[in-house]
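S.K.: here is my input, please return the structure:
(chains A, B and C)
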Amino acid sequence: MTSNLIVYLIAIPLFSSAALLLAGRKANKWGHLLGTLASASSFGVGAYLFTQMLAQPAEERAMTQKLFTWISVGSFNVDASLLLDQLSICFVLLITGVGTLIHIYSISYMSHDLDRRRFFAYLNLFIASMLLLVLGDSYLNLYVGWEGVGLASYLLIGFWNQKPTYATAAKKAFVMNRVGDLGLSLAIMIAFASMGTVSFAGIEEAAPKASTTTLTAIGIMLLIAAAGKSAQFPLQAWLGDAMAGPTPVSALIHAATMVTAGVYLITRSNFIFDAAPTAQLLVVIVGAITLLFGAVIGTAKDDIKKALAASTMSQIGYMTLAAGLGPAGYAFAIMHLLTHGFFKAGMFLGAGSVMHGMNDEVNMRKYGALRKFMPITFITFGLGYLAIIGVPPFAGFYSKDMIIETALNAGGIKGILLGSITLFGAGLTAFYMTRVMILTFTGTKRWDDDVHPHESPILMWLPMAILAIGSVVSGYLFTRGDALVHWLEPVVAAHEHGEHTYLLPPIVVSGLALTMVLIGVSIAVMMYVRRPVENVAPESVSALTKIVRQDLLQDAANEAIFMRPGQALTKTLIAVDEKVIDGAVHGVGTMAIGSGSGLRKSQTGYVRTYSALILVGAAAIVLGIWVITQ
Amino acid sequence: MINYALELGQTAQPEAVLFYILAPLAVVAAIGMLTVKKAVHSAILLAWIMVTLAIFYIAQDAAFLGIVQIVVYTGAVMMLFLFILMLVGVDSSESLTETIKGLRWIAITASVGFGGLLISLLGRATLGRSTAGLSDANAEGNVEGLAQLIFSDYVWPFEVISALLITAAVGAMVLAHHERTVKRVSQREQSQARFRSGSLAAAAGLPGPGVFALHNAVDVPALLPDGTPAPTSISATLKARGDMLDSAQYQLDNNDNAAEDK
Amino acid sequence: MDSANYLYLSALLFTIGAVGVVIRRNAIVVFMCIELMLNAANLSFVTFSRINGNLEGQVVAFFTMVVAACEVVVGLAIIVTIYRSRRSASVDDANLLKR
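M.R.: Numbering: from 1, shown residues only, chains lettered A, B, ... in the order given. Next up, the predicted model:
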């Protein structure tokens, strides 16, 4: 049975990670090779399992592998067991595939870093955790992976923790993720309390019998979890700072895989959200807000990685929105997730390549005219660019177009509103991505004299090229004959064919979307090609621009809403602690000292004093007897 | 008490006479123990109390205990006390002024309360029957009766106590044993040290006590050639005890004058 | 005569012994006072033996004597040891507990 291969998906990178961490400096010479090999082997196992699944009829493709009984307490039984179904395999291939490419890229990108071995150990740890996240057959197993990727993300964001700001960024990401993690743990607890099980299958079975309130509560908690991990509103603020990590990390964790875990969680929990319309509506709202939020931030960022991060946030907003649209949207959410995994990872690697050639400069205002110096980077990045803004026949066109279409067809005011938002988002995406392209690759050169831009070595551009190919063809492959939709059908419930009334015919929607893209591109061209770009950000800008530059005041809002009251609360608690609790503790101590030094005076050290006291005591006892027997 | 006195007056039992003579003496001796200065006097008074108690034991049909009391206590234990007094207590006459403030008053008040309450309790206690007497128990003789008990019912405590006694003997030996840390100084070495010391006076040895031809008791310091008394000539023990006479009265000058006067 | 008189005597002697333990400074005298207290207790045992008409009280008194002998032997050995190091038999000089 092939199902007992599933564990190797996780075990290989986990073992490699442990080996790299434990071997220490001895492994410096070959550590990166082992890490890459582990990731590639995992991909090989995944690909083999995929072919095995293809050979099975649709209903029998899901496989489970029970590893051991993890928790067995009374009626509460959790097995550490893995579930590989049509949904998981998509993620497995994305994680291991893109992961392997990024491992290869990192060999070159990190070659000058003294700690490259540790970097690969963390990458492997991430791969293992992420695979556990998508392969767990219960929320509790998923939770382990969920925390594992959080840890790996923390370690990798803070990889260069000698810089305090980077360490702070890592801490910020970790703390904000904890808020989401709390949501997930609460969801698990509610599920267990109300249904007595935490496995996907068990809850799917029990969900129809559960009350809507319970399901809504679980749904909202899961949404909080997803928002934390996927940088969705209102827990989005950490993603921009997470760019402190090395660029391959941004590509793998904060673009292609980990941040999409929230979308996976919502899709996986379709049976809950489908039965809890309120929670589902909230998912849509969160997705819509984040979509615009990220896109707007993206328009004002001069840091290339932060612009891409804002774009990631926005694109995940698309996915969340799609996932919130129910059975009609799950498949498109996953599709966009996969295509996004290709083109965004490719673009991040491209950004890394640019930084590599530009002495790690990230400010796009100091780029310009790099097309001539980095042709391969320009082409691969350009292909990713075309994919993300949704130009046919590139991948993004198919997936985003489907989401816009589904949003429009959601029905009524909701449909029109969501359709407009997604269309507007598409326009914004076109604008800010064009801006990135123009600032980086065209125009006049604005870099300093001591910078000598050059093309990256093959180990770096090869993964970029492969990902670029993926961003070109994946959309077509997924939509050809609704391949992905049919593939996912057994997991995310049947796609209701032809049931919904089309608000607009698909061709018109595509036309609208392309028009929006065209408008966005044109504005960007007008702003950044016609006018010269200054190499420092202009100060005399509108108040709106200033606000957008500050990430729409997301940090200020967090500080005002959570940090300051939290600090005040902490200060109060400290005061209470010092005055009341410490006071009590010290009071007891002082009392003991006082009574001790008082009593000490009675201790003369003379035996006769003690014997006199014994005599007095004996007299008192006799007196007692005398009184009692009276 | 009045009743007892009346009873005494009426019956004049020999035991009552014995008791009323000896008991006050014992109490007086006990109080004396606390008030005399010298430890050795205390020891003598204690011995007296113990003998009194031995008599009371015999009077109460406990002949064996009475004898043991005399043999073990007044014989052995008190002798042990006197030996130790000789060893360490030569200067053991102490001033009876209390050094710890208020202790004496606390002790006396507490003990008066303690004793008074105890006696009052005893007076209140009633047995509910008259004294049984030991004539039955001692039918086969007091010693035989005790022996039967000790070697039957109380054989285990008896064995334990024998072990305790042996342990105590060993313990006393361990405690009192004094390991010599320096080599014992021989007589020869002592003599050499005397001759090599600064003054030849030391070589001659200490003067013997007593004033030759007039008073040669050991408690009189010798007179040096210049007529001054030499305290070094008498035993340190006597000095510590204060048993030292003034040798000035036996000085030759005084006696010469006395002779002339005669 | 009532046997209770012996008990009164015993109580008196015991109390006097206790006072002696407290007020006398010479360790040897203190020891003698303890002996007095033990003897007073013995007198009570012998008297109770007579009152109750069996010999068990006398057995206990006998054991008490043996224990008292042990105690004297060890106690006096301790006094000798202390005297050796401190040149004093006063219980007030042995006040290391204070420091």
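S.K.: in three-state terms, label the closest residue to C:Arg86 other than its chain neighbours for me.
M.R.: Nearest residue to C:Arg86, sequence neighbours excluded (Cβ to Cβ, 6 or more residues apart in numbering or on different chains): C:Asp93, at 5.7 Å. (Glycine included, C-beta is placed from N, CA and C.) Three-state call for C:Asp93 (DSSP: H, G, I helix; E, B strand; the rest coil): coil.
S.K.: ok, now A:Ser81?
M.R.: Judged by three-state DSSP, the three-state class of A:Ser81 is strand.
S.K.: how many neighbours does whichever residue of chain A sits closest to chain C have?
M.R.: Residue nearest to chain C within chain A (Cβ to the nearest Cβ): A:Gly605, separated by 2.4 Å. Neighbour count for A:Gly605, taken as other Cβ atoms under 10 Å in any protein chain shown: 13.
S.K.: need the three-state assignment for it.
M.R.: Here A:Gly605 takes the coil state, with states given by three-state DSSP.
S.K.: that one against C:Asp92, yeah?
M.R.: No. Counting by Cβ atoms under 8 Å, A:Gly605 stays clear of C:Asp92, with 9.2 Å between them.
S.K.: got any residues that touch both of the two?
M.R.: Both A:Gly605 and C:Asp92 lack any common contact, where contact means Cβ atoms under 8 Å, 6 or more residues apart in numbering or on different chains.
S.K.: from C:Asp93, how far off is the residue of chain A closest to chain C?
M.R.: 11 Å (Cβ to Cβ, to the nearest Å).
S.K.: could you do A:Val296 as well?
M.R.: 92 Å.
S.K.: so A:Phe176 is in contact with A:Ser230, correct?
M.R.: Just so we're on the same page, residue A:176 is Met rather than Phe. No. Using Cβ under 8 Å, A:Met176 is not in contact with A:Ser230; the gap is 11.5 Å.
S.K.: quick one: which of these two has more around it?
M.R.: Comparing A:Met176 with A:Ser230 by other Cβ under 10 Å, the one with more neighbours is A:Ser230, at 29 against 23.
S.K.: and the pLDDT at the residue of chain A closest to chain C?
M.R.: On pLDDT, A:Gly605 comes in at 78.
S.K.: now do B:Val211
M.R.: B:Val211 carries a pLDDT value of 65.
S.K.: and the helix or strand encompassing B:Ser191, what other elements does it pack with?
M.R.: Per DSSP states H and E: B:Ser191 is located in helix B:187-196. Packing contacts for helix B:187-196, counted by 3 or more Cβ pairs under 8 Å, 6 or more residues apart in numbering or on different chains; DSSP states H and E, involve helix B:200-203.
S.K.: could I get the average pLDDT for the helix it packs on?
M.R.: Taken as a whole, helix B:200-203 has a mean pLDDT of 68.
S.K.: likewise stretch A:318-334?
M.R.: The average pLDDT within stretch A:318-334 is 86.
S.K.: what residues sit buried inside that stretch?
M.R.: A:318-326, A:328-334 (16 or more other Cβ atoms under 10 Å in any protein chain shown).
S.K.: how about the residue nearest to C:Arg86, phi and psi?
M.R.: Dihedral angles of C:Asp93 (phi, psi; degrees, to the nearest 10) stand at phi -80, psi -20.
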